[in-house]
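**Q** Quick check, what structure comes out for this input:
(4 chains, ligands or ions: 4)
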Protein chains: 2
Amino acid sequence: MKIGELAKAAHVEVETIRYYERIGLLPAPARSDNGYRAYAGMHLERLAFIRHCRTLDIALADITRLLRFVDDPSAECAEVNTLIDTQLARIRARLDSLRTLEQQLVVLRSQCDAPDRAAQCGILHELEAPTLGDACVCHDERRQ
Amino acid sequence: MKIGELAKAAHVEVETIRYYERIGLLPAPARSDNGYRAYAGMHLERLAFIRHCRTLDIALADITRLLRFVDDPSAECAEVNTLIDTQLARIRARLDSLRTLEQQLVVLRSQCDAPDRAAQCGILHELEAPTLGDACVCHDERRQ
DNA sequence: GCTTGACCCTGTAGCGGCTACAGGGTGTGT
DNA sequence: ACACACCCTGTAGCCGCTACAGGGTCAAGC
Ligand SMILES: [Zn+2]
Ligand SMILES: [Zn+2]
Ligand SMILES: [Zn+2]
Ligand SMILES: [Zn+2]
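**A** Numbering: from 1, shown residues only, chains lettered A, B, ... in the order given. Ligands and ions are numbered 1, 2, ... in the order given. Next up, the predicted model:
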């Protein structure tokens, strides 16, 4: 299997595959006489595993750790659970902050419904507010 | 005002201020005889504006556009509204995908409650699933 | 045999928004 | 005289790719 074929099979860009090899995530394959990379089924399996993890937004460093369990099936998998829990906590923290952000933007947006000259714009006024030491409407609940 | 004083006043790292100057977001200040940057009140105002926008996760390029309205108070502010709307749409799209992600991780996590050897781990099995062309529990609703 | 085009190779730089140095100069206090 | 905090420039690193530049290889069609 040449790199382009592997890329198609795994729905990944060719450059991404070379990048994974460069950082040591995907093992370097054998080479054909012409120097082309020659992949085996194992590489497709790994790449599919990696991409599956990536759709779950798992970091490449963490995927490396997960792959160690794939390679050593007799190891205790407790670390896997911890890793997923950490990932979940990360996502939930991000969700919380994005929900706050959404509300702040909604409030900010409501400050200008009839676009006029910038000098009168409620949005710009709010964005300038903390400049003057005032509180802003968007961040009134809890600061920062 | 020296850079360290400005940094404290705006709760920003010194390096961040120099970075903003380098990319043209914060105007280069006058220099003292010793070559130190000498900031005026206007710089603190700008920096506060920028940081306020950043807490709303507005991109630096968009902040540049917003600052043009600050500098030209007679301009029509319609573009400001559009910019905030776009920002809100971006945040909401990200929220949607993170909510999906959270559910996928919850399902994945439920596949292993009693850590054992990796060979038996339901989480690792699920992550390997698409390798074998099978559907996975985490992505069963809508693919990708 | 010769050209076209699709593919492959290496190496490097760019994205965003900082952060962290290295290697130097300056200013203040004791 | 010395320490120490601060300032300067310039460069490289973080993440996960993406996009070249500048070359080599191979199969099909003329
Ligand atoms: Zn307005
Ligand atoms: Zn605010
Ligand atoms: Zn397990
Ligand atoms: Zn899945």
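
**Q** Can you give me the distance of the spatially most central residue of chain A to residue A:89?
**A** Nearest to the mean C-alpha position of chain A, counting by CA atoms, centre = their mean, stands residue A:57 at 4.6 Å. Note on residue A:57: its distance to residue A:89, by CB to CB, to the nearest Å, is 13 Å. The C-beta positions use only the backbone N, C-alpha and C, and glycine is treated the same way.

**Q** Then residue A:32?
**A** Going from residue A:32 to residue A:89 by CB to CB gives 45 Å.

**Q** Over to residue A:31?
**A** Counting by CB to CB, the gap from residue A:31 to residue A:89 is 42 Å.

**Q** Run through the helices of chain A in chain order.
**A** Using DSSP state H, the helices found in chain A span residues A:3-10, A:14-22, A:41-55, A:60-71, A:78-109, A:122-128.

**Q** is stretch A:37-55 anywhere near ligand 4?
**A** No. Stretch A:37-55 lies out of reach of ligand 4 by CB under 5 Å from the ion, never closer than 5.6 Å.

**Q** Name the residues of that stretch that are buried.
**A** Using 16 or more other CB atoms under 10 Å in any protein chain shown as the test for burial, stretch A:37-55 gives A:37, A:39, A:43-53, A:55.

**Q** check those against chain B, which are close?
**A** A:44, A:45, A:48, A:49, A:52, A:53, A:55 (CB under 8 Å from any CB of the partner chain).

**Q** from those, which single one is nearest DNA strand D?
**A** Proximity of those to DNA strand D (CB to the nearest atom of the strand) peaks at residue A:53, which lies at 8.9 Å.

**Q** Just list the residues touching the closest residue to the closest one other than its chain neighbours, thanks.
**A** Distance criterion CB to CB, 6 or more residues apart in numbering or on different chains; nearest residue to residue A:53, sequence neighbours excluded, is residue A:63 at 4.7 Å. Taking CB atoms under 8 Å, 6 or more residues apart in numbering or on different chains, we find residue A:63 in contact with A:25, A:49, A:50, A:53, A:54.

**Q** For the residues you listed, give me TSV that also has distance to residue B:11.
**A** TSV is the format used below for those (distance: CB to CB, whole Å):
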residue	distance to residue B:11
A:25	38
A:49	43
A:50	39
A:53	36
A:54	35
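
**Q** Now tabulate those in a markdown table and tack on distance to residue B:75 and pLDDT.
**A** Shown next, in a markdown table, are those (distance: CB to CB, whole Å; pLDDT from 0 to 100):
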| residue | distance to residue B:75 | pLDDT |
| --- | --- | --- |
| A:25 | 49 | 96 |
| A:49 | 53 | 97 |
| A:50 | 49 | 97 |
| A:53 | 47 | 97 |
| A:54 | 43 | 97 |
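
**Q** Turn these into TSV, columns for distance to ligand 1.
**A** What follows is the contacts of residue A:63, written out as TSV (distance: CB to the ion, whole Å):
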residue	distance to ligand 1
A:25	48
A:49	50
A:50	46
A:53	44
A:54	40
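
**Q** Surely residue A:83 is in contact with residue A:66?
**A** Yes. Counting by CB atoms under 8 Å, residue A:83 does reach residue A:66; the two are 6.9 Å apart.

**Q** who touches both of the two?
**A** Listed as contacting both residue A:83 and residue A:66 by CB under 8 Å, 6+ apart are residue A:58.

**Q** Those two: who's more crowded?
**A** Neighbour totals were compared for residue A:83 and residue A:66, and residue A:66 leads with 23 against 19 (other CB atoms under 10 Å in any protein chain shown).
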